[in-house]
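> For reference, the sequence and a predicted model appear below.
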Amino acid sequence: MMKKLLKSIRVILIIALLSLNSCREKEQQPPQNFVPANAEDLTEEELKKVHTDTNYKYEYRTGTSGDYGYSYNVSGYDDNGNEVTGNVSMEDKYGTGTITNSDGEEVDINVEWIGYGELKATDQDGNEYELAVD
């Protein structure tokens with residue numbers, strides 16, 4: 001009877017120690033030295049709040065909890081089927097960005113989410129682009 005009680009106490013202690021160990025705070029990662037490509041478009045306050053996380057598709061985000069702006073690397077095609085690549089900054093459903101077309105020219109675009117990881121973009125000349133988050 002005493003042996004069973006000692007075994008039970010050992011098991012309970014081991015479980016308690018494992019539980020307490022798993023509750024420890026994760027080590028905070030050191031501040032990142034990441035500077036976004038469109039840093040000149042961000043305010044000083046937004047630059048202080050730039051955050052990257054490789055677990056998600058966005059390249060980085062800015063803002064405070066509940067009020068984030070996200071930046072994504074994108075690729076896709078223009079109306080003629082030519083490949084384009086670039087970067088867009090999104091807040092809620094809409095955003096802006098710059099893509100590089102097949103001629104190597106940079107084009108400013110307005111962007112809208114149309115599905116998960118899918119964007120529709122339009123430039124100032126009315127050309128449309130189908131983009132996907134990389």
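Yes, it's here.
> Looks like residue 120 contacts residue 127 (just checking).
No: with contacts counted by Cβ atoms under 8 Å, residue 120 stays clear of residue 127, the gap being 11.6 Å. In short, each C-beta sits where N, CA and C put it, glycine included.
> first vs last residue of stretch 77-89, how far apart are they?
Terminal residues of stretch 77-89 are spaced 18 Å apart (Cα to Cα, to the nearest Å).
> now what about it, what contacts it?
The contact list for stretch 77-89, computed with Cβ atoms under 8 Å, 6 or more residues apart in numbering, reads 37-38, 41, 59, 69-76, 95-102, 106-107, 109, 111, 119, 121, 127-131.
> Strands - which of the residues you listed land there?
Here DSSP state E is the test, and the contacts of stretch 77-89 give 69-76, 95-100, 106-107, 109, 111, 119, 121, 128-131 as lying in strands.
> Just list whatever residues bridge to residue 129.
Beta-bridge partners recorded for residue 129 (DSSP bridges): residue 78, residue 121.
> pretty sure it is touching residue 112, no?
No: Residue 129 is beyond contact range of residue 112, at 11.1 Å (criterion: Cβ under 8 Å).
> No more questions from me, cheers.
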